[in-house]
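Student: this one's sequence-less:
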């Protein structure tokens, strides 16, 4: 007669197998966050997600992507980073210096991938591209400050005094300001500076800066100011002062010219690194990456409003030229 009692070892196996199966099927989760809605960060995020898709990784299909935005609040960025650790994501993607800093301070030993970070060494991510924390890698976005100053000197040979706004709460902003001041000396420029604590302070600070009789605005890339760049562009146009942007797409927001990186490509490069991490590669074995192709964008219409005209040689060299309306072309 066959017993209808289930042997203890079979019962144990029945309980264990579903658990093992659940672990195998755990979806790889990416927690991506950015400090605000700056156009640069939006482009990086778009490029990142495109790279994942192009490599067969699709949200809610074979991976999970959690998107968060700190809305310009650094304390909120830290809360988001801690939440990602608590939610046990597999990879934290930090877009901007404040987000990288928050991710590192959140602990938990999670893999961290950064992008759009001017100087990751300032927040303790490493000492060099090869010598860095074992759980961190990413794409460095140090802006071409020297090349921008050389360009301003070329198109404004008589200019002497440049102005810029910066945000003291952002380490990346202070870093760029230091670079601007130090390298401006080599081109015979004096730099006048005004600080801002929030986007609402930009109009007054910008006007105060222009009242100092500067020859041009050489705006450093700064998360707070990038997110409200159109305000700066409007004030520059009203005062007929040339505005040079710190990121390529600023020429669509009121800058007459800008040198910098393609932030979509930066995001794409970051996404490709995420794919490598998803396949099991260790962050510690992947050197920090950098962008290497400086783009030049011109807006001839804005330049005319700001009292500047580019030579044909400069126009021919540009990677992108936004043409001036006929009325602006006739009245530079």
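Tutor: On my side now, so go ahead. Note that the coordinates shown come from a computational prediction; the quantities given were computed from them, not determined experimentally.

Student: Could you report the pLDDT at residue 323?
Tutor: As predicted, residue 323 sits at a pLDDT of 85.

Student: That one: how many residues sit nearby?
Tutor: By other C-beta atoms under 10 Å, 12 other residues sit near residue 323. C-betas here are computed from N, CA, C, even on glycine.

Student: Enumerate every residue touching it.
Tutor: By C-beta atoms under 8 Å, 6 or more residues apart in numbering, residue 323 lies in contact with 300-301.

Student: Near residue 268, how many other residues are there?
Tutor: 23.

Student: how about stretch 216-232: buried residues?
Tutor: Under the neighbour-count criterion of 16 or more other C-beta atoms under 10 Å, stretch 216-232 has 216-229, 231-232 buried.

Student: From those, which land in helices?
Tutor: Judged by DSSP state H, these include 223-226, 229, 231-232 as members of helices.

Student: which of the residues in stretch 76-85 are buried?
Tutor: By neighbour count on 16+ other C-beta under 10 Å, the buried set for stretch 76-85 is 76-78, 80-82, 84-85.

Student: Dump the ones in helices among the buried residues of stretch 216-232 into JSON lines; add distance to residue 99 and pLDDT as well.
Tutor: Output for these, formatted as JSON lines (distance: C-beta to C-beta, whole Å; pLDDT from 0 to 100):
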{"residue": "223", "distance to residue 99": "9", "pLDDT": "90"}
{"residue": "224", "distance to residue 99": "14", "pLDDT": "92"}
{"residue": "225", "distance to residue 99": "17", "pLDDT": "94"}
{"residue": "226", "distance to residue 99": "14", "pLDDT": "93"}
{"residue": "229", "distance to residue 99": "20", "pLDDT": "95"}
{"residue": "231", "distance to residue 99": "23", "pLDDT": "95"}
{"residue": "232", "distance to residue 99": "23", "pLDDT": "95"}
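
Student: now, which of these sits nearest residue 245?
Tutor: In terms of C-beta to C-beta, no member of those lies closer to residue 245 than residue 229, at 7.0 Å.

Student: Which residue lies closest in space to the closest one, excluding its sequence neighbours?
Tutor: residue 253 (4.3 Å; C-beta to C-beta, 6 or more residues apart in numbering).

Student: Was I right to think that neighbour contacts residue 231?
Tutor: No - between residue 253 and residue 231 there is no contact under C-beta atoms under 8 Å: 9.2 Å.

Student: domain parsing for this structure?
Tutor: As given by automatic domain parsing, the domain ranges for the chain are 27-141+263-290, 145-260+294-330.

Student: ok, of those, where does mean pLDDT dip lowest?
Tutor: domain 145-260+294-330 (a mean of 93).

Student: one step back: widest-spaced pair of the buried residues of stretch 76-85?
Tutor: Using C-beta to C-beta, these reach their maximum pairwise distance at 76 and 85, which is 15.2 Å.

Student: check contacts around residue 33.
Tutor: Neighbouring residues of residue 33 by C-beta under 8 Å, 6+ apart: 67-70, 77, 80-81, 84, 92-95, 99.

Student: Relative to residue 311, which of these is nearest.
Tutor: Distances from residue 311 to the contacts of residue 33, taken as C-beta to C-beta, are shortest for residue 95 (36.7 Å).

Student: That closest one pairs with what?
Tutor: Note on residue 95: beta-bridge partners by DSSP bridges are residue 34, residue 115.

Student: how much space is there between it and residue 69?
Tutor: According to C-beta to C-beta, to the nearest Å, residue 95 stands 10 Å off from residue 69.

Student: now swap in residue 108 and tell me
Tutor: Applying C-beta to C-beta, the value for residue 108 to residue 69 is 21 Å.
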